[in-house]
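A.B. asks: I'd like to go over a predicted model; first the sequence, then the structure.
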Amino acid sequence: LSTSVFAAKLLGSWIWGSLSDHLGRRLTFLLANLFLLVTGCLSAAAPSYFWLVAARALVGLAIGGIIVPFDNLAESVPENW
């Protein structure tokens, strides 16, 4: 179960990072949060283990987009820190 989340997170970071270059970081972050909300609810309502793993993989894709604002933080910190 955890493997599906972290494998999808790796893929999601790449997808959401590319989207943030095209759509902007704020919109991408909001979309990732909305996607996380929807897929989290889907995983809570999963009728079988297979669907739980699939839904958690989608949650992993969403988690990959949650890290987008950390780029803003890294750009705003002085270099001597």
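C.D. replies: Looks like it arrived, so ask away. Residues are numbered from 1 along each chain as shown.
A.B. asks: residue ranges with poor pLDDT in the chain?
C.D. replies: 81 (pLDDT under 70).
A.B. asks: buried ones in the longest helix belonging to the chain, by neighbour count?
C.D. replies: Using DSSP state H to define each element, the chain has its longest helix at helix 2-23. For helix 2-23, burial by neighbour count (16 or more other C-beta atoms under 10 Å) applies to 4-5, 8-9, 12-13, 16-17, 19-20. Where C-beta positions appear, they are placed from N, C-alpha and C, glycine not excepted.
A.B. asks: TSV for those residues, including distance to Ile63?
C.D. replies: What follows is the buried residues of helix 2-23, written out as TSV (distance: C-beta to C-beta, whole Å):
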residue	distance to Ile63
Ser4	12
Val5	7
Ala8	8
Lys9	5
Gly12	6
Ser13	9
Trp16	9
Gly17	13
Leu19	14
Ser20	15
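A.B. asks: which among the residues you listed gets closest to Ala32?
C.D. replies: Checking the buried residues of helix 2-23 against Ala32 with C-beta to C-beta, the nearest one is Trp16 at 5.7 Å.
A.B. asks: so what's that closest one up against?
C.D. replies: With contact set as C-beta atoms under 8 Å, 6 or more residues apart in numbering, Trp16 has these partners: 28, 32, 64-65, 67-68.
A.B. asks: before we move on, the earlier item: so what does the helix or strand following the longest helix of the chain touch, helix or strand wise?
C.D. replies: Counting by DSSP states H and E, the element after helix 2-23 in chain order, helix or strand, is helix 25-44. In terms of contacts (3 or more C-beta pairs under 8 Å, 6 or more residues apart in numbering; DSSP states H and E), helix 25-44 is packed against helix 2-23, helix 49-66, helix 69-76.
A.B. asks: can I get the ones you listed in a markdown table with distance to Leu37?
C.D. replies: Formatted as a markdown table, the helices and strands packed on helix 25-44 follow (distance: least, C-beta to C-beta, whole Å):
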| stretch | distance to Leu37 |
| --- | --- |
| helix 2-23 | 15 |
| helix 49-66 | 8 |
| helix 69-76 | 17 |
